[in-house]
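# Could you work out the structure for the sequence below:
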Amino acid sequence: MNVPHTESVAAAATAQITVKTPERMRELGRGLAALLRPGDLVLLTGELGAGKTTLTRGLGEGLDVRGAVTSPTFVIARVHPPLGDGPALVHVDAYRLNGGLDEMEDLDLDVSLPESVVVVEWGDGKVEELSEDRLHVVIERAVGSSAPAASGDGYDGGDGDGDGDGYDDGDDVRDVTLTGVGARWAGVDLAALGELGASAG
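Numbering: from 1, shown residues only. Purely as a prediction, here's the structure:
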C-alpha cells in the first residue's frame, strides 16, 4: 500500500515498530500517551481497518480522558475531557475534511487546541498547518497479513466491537512507523515504544 506521507522538513525522531495484536496496539497507544503533552499534534495514516482507532483508544486510556474512544466518522471531531490534570484528547476524522486548517477552526470545538492533544485520522496533507511540530504515525498491514472483510462504506470493519476499525485478528500483524517532525520531537526516543508493540500477546 502506498501511504501518502507529506512533510517538507527533516524528521527529528523516527521508529519502526511491529505490532502483533490489537491489544499490543492499544498498549502502544498507552505508552505513546506518556510521551505526549498539551499542544501535541498526532497524524494517523492507514487504510480502513488498519487499527487507527485502536491506537487512539490506547492513547485515551493513557491520557486518562472521559468517554469511550470510538471512530469519530459521523461527527468529524470528538472531544474527550481529562479526568485528572492532564490534557483533553481531541479525536478528529479528516476523511471528509476538505478545508484543512480553516475547516478545523470552524468546528467550534469547546476546547483550546494548544492545551489539548489533537489526534487526526486521515490528516496527512490537510492539517499540518496546525503545528510545525507533529508526530506522523503510519500503520500498515505487515507483508502476508490478510485484510479483514469490510462491510457497507468501509467504516464498519466487521470486528463487532463497534469501533469501526475492523481490527480484531490477532494474526493480522501491523507495521507502525512513527516520525516526529520539529524541535518538539528532537531527542525523543520513539524506538523505546517498540517493546510495547512487539510483546507477546
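# Okay, now the unreliable bits of the protein?
Filtered on pLDDT under 70, the chain yields the residue ranges 1-10, 73, 98-110, 144-171, 196-201.
# And the residue nearest the centre of it?
The centroid of the chain falls nearest to residue 44 when counting by CA atoms, centre = their mean (4.1 Å).
# what about the helices in this structure?
22-33, 52-63, 101-106, 194-198 (DSSP state H).
# which one of those is the most hemmed in?
Comparing the helices of the chain by mean neighbour count (mean count of other CB atoms under 10 Å), helix 52-63 comes out on top with a mean of 25. For every residue, glycine as well, the C-beta is placed using N, CA and C.
# how much does it deviate in direction from helix 22-33?
Here helix 52-63 runs at an angle of 50 degrees relative to helix 22-33 (axes from the mean of the first three to the mean of the last three CA atoms, to 10 degrees).
# which helices and strands does helix 52-63 pack with?
Applying 3 or more CB pairs under 8 Å, 6 or more residues apart in numbering; DSSP states H and E, one finds that helix 52-63 contacts helix 22-33, strand 41-45, strand 88-93, strand 116-121, strand 134-141.
# Out of the helices of the chain, which gets nearest to residue 142?
Proximity to residue 142, assessed across those by CB to CB, is greatest for helix 194-198 (11.6 Å).
# Distance to residue 187 added to the helices and strands packed on helix 52-63, as JSON lines?
Converted to JSON lines, the helices and strands packed on helix 52-63 look like this (distance: least, CB to CB, whole Å):
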{"stretch": "helix 22-33", "distance to residue 187": "16"}
{"stretch": "strand 41-45", "distance to residue 187": "18"}
{"stretch": "strand 88-93", "distance to residue 187": "24"}
{"stretch": "strand 116-121", "distance to residue 187": "19"}
{"stretch": "strand 134-141", "distance to residue 187": "14"}
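# residues near residue 50, how many?
Applying other CB atoms under 10 Å, we find 27 residues neighbouring residue 50.
# ok, now how distant is it from residue 96?
Residue 50 is 18 Å from residue 96, where distance means CB to CB, to the nearest Å.
# that older thread, so the residue nearest to the centre of the chain versus residue 20, what's the distance?
Applying CB to CB, the value for residue 44 to residue 20 is 19 Å.
# just residue 55 next, same as before
For residue 55, the distance to residue 20 - CB to CB - is 14 Å.
# Likewise for residue 92?
Between residue 92 and residue 20 the distance is 28 Å, computed by CB to CB.
# out of the two, which sits in the busier spot?
For residue 92 versus residue 20, neighbours defined as other CB under 10 Å are more numerous around residue 92 (27 against 18).
# Do I have it right that the more buried one meets residue 123?
Yes: applying CB atoms under 8 Å as the test, residue 92 and residue 123 come out as touching, 7.1 Å apart.
# end to end, how far does stretch 35-46 reach?
Distance across stretch 35-46, first residue to last, is 22 Å (CA to CA, to the nearest Å).
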